[in-house]
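Visitor: Structure for the following, please:
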Amino acid sequence: MLAGFRTHAVSFLRLVAIDIIFDLIKAEE
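Guide: This is a model prediction of the structure:
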């Protein structure tokens with residue numbers, strides 16, 4: 001169960017990171 005939570009947290013952080021990166025790209029344009 002802990003491993004599943006860990007994987008879910010990693011994928012969630014990945015989505016957040018992608019969102020932040022896109023925001024930075026839009027801000028630079």
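
Visitor: Run a quick neighbour tally on residue 4.
Guide: Neighbourhood size, residue 4 [other CB atoms under 10 Å]: 8. In this view, the C-beta of every residue, glycine as well, is placed from N, C-alpha and C.

Visitor: for residue 6, same thing?
Guide: 10.

Visitor: One more: residue 5?
Guide: Neighbour tally, residue 5, other CB under 10 Å: 9.

Visitor: Secondary structure element for it, which one?
Guide: For residue 5, the host element (DSSP states H and E) is helix 2-28.

Visitor: chain center to that helix: distance?
Guide: Distance of helix 2-28 from its chain centroid, counting by CA atoms, centre = their mean, to the nearest Å, is 0 Å.

Visitor: Tell me how far residue 2 lies from residue 9.
Guide: 10 Å (CB to CB, to the nearest Å).

Visitor: what stretches of the chain score poorly on pLDDT?
Guide: 1 (pLDDT under 70).

Visitor: so what's residue 25 up against?
Guide: Applying CB atoms under 8 Å, 6 or more residues apart in numbering to residue 25 gives no contacts.

Visitor: count of neighbours near residue 23?
Guide: So residue 23, with other CB under 10 Å, has 10 neighbours.

Visitor: Which residue of residue 2 and residue 9 possesses the greater neighbour count?
Guide: Remark: of residue 2 and residue 9, residue 9 carries more neighbours, 10 against 6, as counted by other CB under 10 Å.

Visitor: ok, that one to residue 24 distance?
Guide: In terms of CB to CB, residue 9 sits 22 Å off from residue 24.

Visitor: No further queries at this time; thank you.
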